[in-house]
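Trainee: make a model of this:
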Amino acid sequence: MSRPALAWGSISVFIALVLAAVISLEIGVLALLFAAVAWWVWKQPGNGLILFVVLAPLLPLLKFTQSGGSITLIKDVIILTMFVKLVLYPLLKQTLPYRRNHLLLPIFFLAIWTLLNVVRADSLILGVLRARDIALYVLLYLAVLYLPLTAKYLRQLFSGVLVTGVLVLLLGVYQWFGAADSAILRFDPARQVWIPRISSTLAHPSVFGEYLITLVLALCAGVIATTATRWRLAWVTLGVVTLPFVFLTYSRGAWLGFVTALGTAALVWWFARSKGRAQWATIRRWIVPAVAGIVIVLLALMFVTPVGTFVRVSFDPTYASNAIRLDFVARLIAPLTPTAALIGSGLGDVVVQNFRTIDIATFDIASGAARSVQLAKDATLVDNQYLKTFVELGLAGLLIYLWIYVVTIRAAWQLAKRGKTVALAIGVATIAFTISFMVQALFIDVWDIFPTNAFYWIFAGLAVALHTPTLYKKI
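Mentor: The predicted model follows:
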């Protein structure tokens, strides 16, 4: 071991001992663990991202535990270490490699607007926590943007997503058959009964559904990128296996997001392969019959099976779940002044309008009270990202996020048209994920839900990074 490593290791052990003595043994042990992870990620930032995508769907299970919740901060350690190693340190040394950062300007405006609304927040602590959720994953995007991407590395990253995805599915099977008491219940209007909803390690069915969409789009990318028939069949088979899991989430956002993602991926792939030129003969021969078949299947599901009743009731304003959402809308929008509608009320300020209270102090954050922090942030959830953004950041915030979506889709589309199969795969997956992300935002606060928000920035980082000629040649 080198002297610098030994010195930093000694300092880390000393700090961990002090924290263990002053605060708690748990904090001391976690500090030592985080220091070890930071050192490893600093040495291997590429493997740090792989570790991140492997751990991402497993961490939400621990967030609400009183004793183990603090370990979820390992994701913060990985992101911050990658950012410092790949972006900040090279920038200070003037060795930062060239990247054409398409999202630089919208991210800059998002940062300014976030800072402004932190200052204007009614609860500064809650505002800081909300700003952290926004800024942290932007740093992840920047770290991914400056990764030295190669075809081999992308295969390793795909393997990491695949392995953890299979594990999450297996744990979902265990939950359904062996731990049914852990399932969240939902009222089924078709059968007039309460039904269990599967969530696996993601703690909530809607979040599990979002992860399944991410997994399926990764599999779509694998099908596009590989030329081996056996592997294509394997990825398609695994994608089909996810269908019952998506159904058992009983989540409108997951269902609509899943259909939107697959439909968008198919259309983008076809148009990219045709170089954007509509081939009407092909449309008449394949696309029209395919769309007609899909419509027939959807109509059959809507009017013959219980799925249709559930979907129709889901959009009924008198249905209890929808009535609650409409009540949210009334509470949030009614007190807004014209100025607040334009520039926002402040981060976290949806709490007051929803008649909720938060009980969190600076000590809770400093002492690693992960459960208290998570409950405080969850008090800001309103089940509609557009509504929440409108209240917190105003119309200006909505336009900034729309700007981010448009730039991401444009960059991914330009990448998809460039010809290489890997570029096509990442471009298709990024566009499909973004469109699905926008649809799911109607039903859940997607920008605040981990790991969905993190995967958005990872997709965006990969799509933008591959516009760099030196990286594009390596894939």
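
Trainee: ranges for the strands of the stretch 51-200 of the chain?
Mentor: 184-188, 193-197 (DSSP state E, counting those that start in this stretch).

Trainee: nearest to Ala300, of the ones you listed?
Mentor: strand 184-188 (19.1 Å; CB to CB). No exception for glycine: its C-beta is placed from N, CA and C like everyone else's.

Trainee: circling back: mind telling me which of the strands of the stretch 51-200 of the chain the model trusts least?
Mentor: Per-stretch mean pLDDT for these is lowest at strand 184-188 (a mean of 74).

Trainee: with distance to Ser12 and mean neighbour count as added columns, please give the strands of the stretch 51-200 of the chain in CSV.
Mentor: Formatted as CSV, the strands of the stretch 51-200 of the chain follow (distance: least, CB to CB, whole Å; neighbours: other CB atoms under 10 Å):
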stretch, distance to Ser12, mean neighbour count
strand 184-188, 40, 15
strand 193-197, 42, 14
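
Trainee: tabulate these (a markdown table), appending distance to Leu162.
Mentor: Formatted as a markdown table, the strands of the stretch 51-200 of the chain follow (distance: least, CB to CB, whole Å):
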| stretch | distance to Leu162 |
| --- | --- |
| strand 184-188 | 27 |
| strand 193-197 | 25 |
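
Trainee: of all those strands, which lies closest to Gln94?
Mentor: strand 184-188 (51.7 Å).

Trainee: any weak-confidence spans in the stretch 251-400 of the chain?
Mentor: 275-287, 290, 298, 301-322, 325, 349-381 (pLDDT under 70).

Trainee: is Trp194 bridged to anything, and to what?
Mentor: Phe187 (DSSP bridges).

Trainee: contact partners for Trp235?
Mentor: 219-220, 222-223, 226 (CB atoms under 8 Å, 6 or more residues apart in numbering).

Trainee: just Tyr456 next, same as before
Mentor: 137, 433-434, 437, 446.

Trainee: in strands, which of the residues you listed appear?
Mentor: Residues of these located in strands (DSSP state E): none.

Trainee: next, format those residues as CSV and append pLDDT and distance to Ile107.
Mentor: Below are the contacts of Tyr456 laid out as CSV (pLDDT from 0 to 100; distance: CB to CB, whole Å):
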residue, pLDDT, distance to Ile107
Tyr137, 94, 11
Phe433, 96, 18
Thr434, 96, 15
Phe437, 94, 17
Val446, 86, 17
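
Trainee: top of those residues by neighbour count?
Mentor: For the contacts of Tyr456, the largest number of neighbours (other CB atoms under 10 Å) sits with Phe433, at 31 neighbours.

Trainee: hang on, it packs against Phe459?
Mentor: Yes. Phe433 lies in contact with Phe459 (CB atoms under 8 Å); the separation is 5.1 Å.

Trainee: please parse the chain into its domains.
Mentor: 3-95+105-276+316-328+362-473, 277-315 (automatic domain parsing).

Trainee: most tightly surrounded among those?
Mentor: domain 3-95+105-276+316-328+362-473 (a mean of 18; mean count of other CB atoms under 10 Å).

Trainee: and the contacts of Trp235, which is closest to Pro244?
Mentor: Leu219 (15.5 Å).

Trainee: could you say which helix or strand contains that closest one?
Mentor: Assigned by DSSP states H and E, Leu219 belongs to helix 205-225.

Trainee: from the contact counts, what lies against that helix?
Mentor: Here helix 205-225 touches helix 151-178, helix 229-248, helix 252-273, helix 421-440, helix 452-465, going by 3 or more CB pairs under 8 Å, 6 or more residues apart in numbering; DSSP states H and E.

Trainee: re the thing from before, between the contacts of Trp235, which is nearest Trp40?
Mentor: Gly222 (27.2 Å).

Trainee: so how far is Trp403 from that closest one?
Mentor: In this view, Gly222 and Trp403 are 30 Å apart by CB to CB, to the nearest Å.

Trainee: got the angle between the longest helix along the chain and helix 252-273?
Mentor: Among the segments of the chain that qualify as a helix by DSSP state H, the longest is helix 385-416. Counting by axes from the mean of the first three to the mean of the last three CA atoms, to 10 degrees, helix 385-416 lies at 20 degrees to helix 252-273.

Trainee: what sits up against stretch 467-475?
Mentor: Against stretch 467-475 from outside (CB under 8 Å, 6+ apart): 98-100, 102, 148-151, 154, 411, 414-415, 418, 420, 422-423, 465-466.

Trainee: and the helix or strand where Asn47 lies, what does it pack onto?
Mentor: Counting by DSSP H and E, the element that carries Asn47 is helix 45-55. Other helices and strands packing on helix 45-55, by 3+ CB pairs under 8 Å, 6+ apart, are helix 25-43, helix 74-83, helix 124-145, helix 151-178, helix 452-465.

Trainee: what would those helices look like in CSV with distance to Leu92?
Mentor: Listed next are these as CSV, based on distance: least, CB to CB, whole Å:
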stretch, distance to Leu92
helix 25-43, 15
helix 74-83, 13
helix 124-145, 14
helix 151-178, 25
helix 452-465, 21
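
Trainee: worst average pLDDT in those?
Mentor: helix 25-43 (a mean of 86).

Trainee: how far out from the middle of the chain is it?
Mentor: For helix 25-43, the separation from the chain centroid amounts to 25 Å (computed by CA atoms, centre = their mean, to the nearest Å).
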